[in-house]
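Colleague: Sequence plus predicted model, see below.
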Amino acid sequence: MKKPRVSVLVPIYNVERYLPKCLDSLEAQTLKDIEFICINDGSTDSSLEIAQRYAARDDRFQIIDKRNSGYGASMNCGMRAARGHYIGIVESDDFVSPDAFEELVARSRFGMLDIVKADYFEYDGADVRSFPFASFPHGCVIDPRRYPQILRTVPSIWAAIYKRSMLEENGISFIETPGASFQDTSFTLRSWMAARRVRLVDAAYLHYRVDRVESSVKSDNKVFEVCGEFACALEFCRADPARSAAFLCDLFGQQFSTYRWNYDRIFAAHHLEFAERWADEFRIPFENGELDESRFEPGDWALMLELLRDPAALRFHADDIAIRVKGCGVDRPARSLL
């Protein structure tokens, strides 16, 4: 059987409200040499039945029905089943334009590129285009080692195709933590660090839904999940001296700003314990001279110095999205990573 050009992974868990729009958009893809792998993670609503209806009428759809084990495990299950030259990812509450994957493949230089990545729309009943790569070259092939600041963009795994052989050769998969939060972080970071040939597309094809009230990482059992994601990315970075030389400073910058964002998301009862771990993880690289102030967001370097002095001094004001450290006498605006 001929291998498809793209295998699109669709992780599914209790999304009956949104799933038909997502699968309709995949069924309408103008690229015919494609497969859609729908991984049902033990849904308790009608999501599985909805997906099965599409598979019954369109043989490009495959269904994997498994016991609930979380987003990471579902994605790895889909990656093992994928046969395509490229891997694409569409979350089951999002949807894509009809020509999305045809356009991405057309820009892959006959399958030679490691990643082809586009912009996306934030969808809340209407589309607002997001430009996460506005400061990077478009329409040409770039090597992320020359643009390591790409690690400090929003860690979106969708709106892209990834060469499957690149992922496999570098052992890139998803961390199998319970639930669904942050598992795209280390996958995105390791993919950027592994890729050598990337093309950024000045167009948007994916509609990223931002109106799901049940979507949240604000949960007691998710306080430290982001830490595991960055531990994995740092281990991958340090494993290769050339990779570490190119990316380590920017990786630390992204880690710090993501931890700041996570601090905003978690309940106040966990602020101190998270701040203490935050400080512990940055103390050694700071003492070893591995951090570069220029790779931190504005205000973050001063915040880090205060955090290292006294984690208990950190105060976060979620109402005005500002960070205050006792004794500094100033509020520093914190740029959201959303």
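Modeller: Structure's in. What do you need?

Colleague: contacts, neighbours, all on C-alpha from now
Modeller: Will do.

Colleague: Which positions within the longest helix seen in the chain qualify as buried?
Modeller: Counting residues, the longest helix in the chain under DSSP state H turns out to be helix 241-265. Buried residues in helix 241-265, counted by 16 or more other C-alpha atoms under 10 Å: 243-244, 246-265.

Colleague: who's Tyr120 bridged to?
Modeller: Tyr120 has these beta-bridge partners by DSSP bridges: Ser130, Leu206.

Colleague: hey, where'd the helices end up in the stretch 101-250 of the chain?
Modeller: 164-169, 183-194, 225-238, 241-265 (DSSP state H, counting those that start in this stretch).

Colleague: a markdown table for these, including mean pLDDT and distance to Glu273?
Modeller: Listed next are these as a markdown table, based on pLDDT from 0 to 100; distance: least, C-alpha to C-alpha, whole Å:
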| stretch | mean pLDDT | distance to Glu273 |
| --- | --- | --- |
| helix 164-169 | 98 | 35 |
| helix 183-194 | 95 | 22 |
| helix 225-238 | 96 | 13 |
| helix 241-265 | 96 | 10 |
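
Colleague: mind putting the ones you listed in a markdown table, distance to Lys117 included?
Modeller: Below are the helices of the stretch 101-250 of the chain laid out as a markdown table (distance: least, C-alpha to C-alpha, whole Å):
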| stretch | distance to Lys117 |
| --- | --- |
| helix 164-169 | 15 |
| helix 183-194 | 11 |
| helix 225-238 | 20 |
| helix 241-265 | 19 |
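
Colleague: so which of those helices gets nearest Val10?
Modeller: Val10 lies closest to helix 183-194 among the helices of the stretch 101-250 of the chain, at 13.7 Å (C-alpha to C-alpha).

Colleague: quick one: the closest one to helix 241-265, angle?
Modeller: Inter-element angle recorded for helix 183-194 and helix 241-265: 160 degrees (by axes from the mean of the first three to the mean of the last three C-alpha atoms, to 10 degrees).

Colleague: number of nearby residues for Ser135?
Modeller: 9 (other C-alpha atoms under 10 Å).

Colleague: Which parts of this protein belong to which domain?
Modeller: Domain ranges of the chain: 6-209, 220-333, per automatic domain parsing.

Colleague: Need the winner for burial among those.
Modeller: Greatest average neighbour count among the domains of the chain goes to domain 6-209 (a mean of 19), per mean count of other C-alpha atoms under 10 Å.

Colleague: Spit out the contact partners of Leu234.
Modeller: Shown in contact with Leu234 (C-alpha atoms under 8 Å, 6 or more residues apart in numbering): 248, 251.

Colleague: what's next to stretch 143-157, contact-wise?
Modeller: Stretch 143-157 has contacts (C-alpha under 8 Å, 6+ apart) with 89, 132-133, 136, 184-185, 187-189, 192-193, 195-198, 243, 246-247, 250-251, 253-254, 295, 337-338.

Colleague: pull the CA atoms of stretch 62-70 into CSV?
Modeller: The C-alpha coordinates for stretch 62-70 follow below in CSV (Å, rounded to 0.1, in the frame of the first residue of the first chain):
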residue,chain,number,x,y,z
GLN,A,62,-8.6,5.5,10.9
ILE,A,63,-9.9,5.1,14.5
ILE,A,64,-7.8,4.0,17.4
ASP,A,65,-9.9,3.4,20.5
LYS,A,66,-8.0,3.1,23.7
ARG,A,67,-8.5,3.4,27.5
ASN,A,68,-8.1,6.8,28.9
SER,A,69,-4.3,7.5,29.5
GLY,A,70,-3.9,11.1,28.7
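
Colleague: And the average pLDDT for that stretch is what?
Modeller: With pLDDT averaged residue by residue, stretch 62-70 scores 96.

Colleague: distance between the ends of stretch 82-96?
Modeller: Stretch 82-96 stretches 20 Å from its first residue to its last (C-alpha to C-alpha, to the nearest Å).

Colleague: what stretches of the protein score poorly on pLDDT?
Modeller: Within the chain, the segments meeting pLDDT under 70 span 1, 179-181, 211-221, 315-338.

Colleague: now do 80
Modeller: Residue ranges of the chain with pLDDT under 80: 1, 178-181, 211-221, 315-338.

Colleague: Could I get the full set of strands for it?
Modeller: With DSSP state E as the criterion, the chain has strands at 6-12, 34-41, 61-66, 86-89, 95-96, 115-123, 127-130, 141-142, 160-163, 198-209, 314-317, 322-325, 331-333.

Colleague: Columns distance to Arg277 on top of these, output as JSON lines?
Modeller: Compiled in JSON lines, the strands of the chain are given as follows (distance: least, C-alpha to C-alpha, whole Å):
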{"stretch": "strand 6-12", "distance to Arg277": "31"}
{"stretch": "strand 34-41", "distance to Arg277": "32"}
{"stretch": "strand 61-66", "distance to Arg277": "35"}
{"stretch": "strand 86-89", "distance to Arg277": "32"}
{"stretch": "strand 95-96", "distance to Arg277": "37"}
{"stretch": "strand 115-123", "distance to Arg277": "32"}
{"stretch": "strand 127-130", "distance to Arg277": "32"}
{"stretch": "strand 141-142", "distance to Arg277": "36"}
{"stretch": "strand 160-163", "distance to Arg277": "33"}
{"stretch": "strand 198-209", "distance to Arg277": "32"}
{"stretch": "strand 314-317", "distance to Arg277": "13"}
{"stretch": "strand 322-325", "distance to Arg277": "17"}
{"stretch": "strand 331-333", "distance to Arg277": "22"}
